[in-house]
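Novice: Next come a sequence and a model predicted from it.
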Amino acid sequence: MKLDKFYFYSLLSDAGKQLVEKHLKPFSTPKDTIIYYAGEVCKEFFLIDSGKVKIYVQGEEGQTFTLYTIEDGKPCIINTFSTIFSNVTIANAVTLQDTQGWTLKKEVLLQLLASEAEYSAYLFSAISQDISSLVNTIEDVQFTSLKDRIKNWILSQKSSMIKTTHEEIATNLGTSRPIISKLLKDMEKKGELLLNRGSIEILP
């Protein structure tokens, strides 16, 4: 059980570490698996060891919009609050890669929050940062043009060679593939990027 790599684990007392080690349950989930659906109540708090999970909402006509992704031990806002308060989830969660990690029952998470002050502060600080990021995402959708949103998404990848498809970008931005393809081709004509099969190269 390689928990030492997670920052939250270093914040726990010896008793807290023993509690976590005793109750953590491992899970391994293949790519494209739904972890929870909108409207469900999460009964377990999950911790990602490797892989990536996308949190998204889906419209009545089937279109999707990505709220955020989680990986490497990062807590999920929706999963955390649903587990703690027994609230129904407002989005869906799906694995983008083969994903491994652990889960903790609600009772254990509540015990940690009650007895481990440093962990509680860390968890809610991390959630607060994610809420701010989520608000920025919503504002971006409401007030930013789709072309600018594509540029912002490209910049957020922090790489000059991005392995992705037009369909994946459309899903992340909550629009259709043809619209994304048209805007990307416009950007390519302007010399801003180079489109390849399965990747986008950002030009200097």
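Specialist: Arrived safely. Numbering: from 1, shown residues only.
Novice: Skipping adjacent residues, who's closest to the residue most central in space within the chain in space?
Specialist: Per CA atoms, centre = their mean, the C-alpha nearest to the average position across the chain is that of Thr69, at 1.6 Å. Nearest residue to Thr69, sequence neighbours excluded (CB to CB, 6 or more residues apart in numbering): Lys54, at 5.1 Å. (Glycine included, C-beta is placed from N, CA and C.)
Novice: wait, is the one you found part of a helix?
Specialist: No - counting by DSSP: H, G, I helix; E, B strand; the rest coil, Lys54 falls outside a helix, being strand.
Novice: That one bridge partners, please.
Specialist: Lys54 forms beta bridges with Thr69, Val94, as assigned by DSSP bridges.
Novice: burial of it, as a residue count?
Specialist: 20 (other CB atoms under 10 Å).
Novice: and what of Asn152?
Specialist: 14.
Novice: in which helix or strand would I find it?
Specialist: Using DSSP states H and E, Asn152 sits in helix 146-156.
Novice: how close does Phe46 sit to Thr164?
Specialist: 25 Å (CB to CB, to the nearest Å).
Novice: And the two? Which one has more around it.
Specialist: Phe46 (23 against 14).
Novice: Report the distance from the biggest helix by length in the chain to the chain centre.
Specialist: For the chain, the helix reaching the highest residue count under DSSP state H is reported as helix 117-143. Taking the mean of its C-alpha atoms, helix 117-143 sits 12 Å from the chain's own mean (CA atoms, centre = their mean, to the nearest Å).
Novice: Stretch 82-90 now?
Specialist: In this view, stretch 82-90 has its centroid 17 Å away from the chain centroid, taken as CA atoms, centre = their mean.
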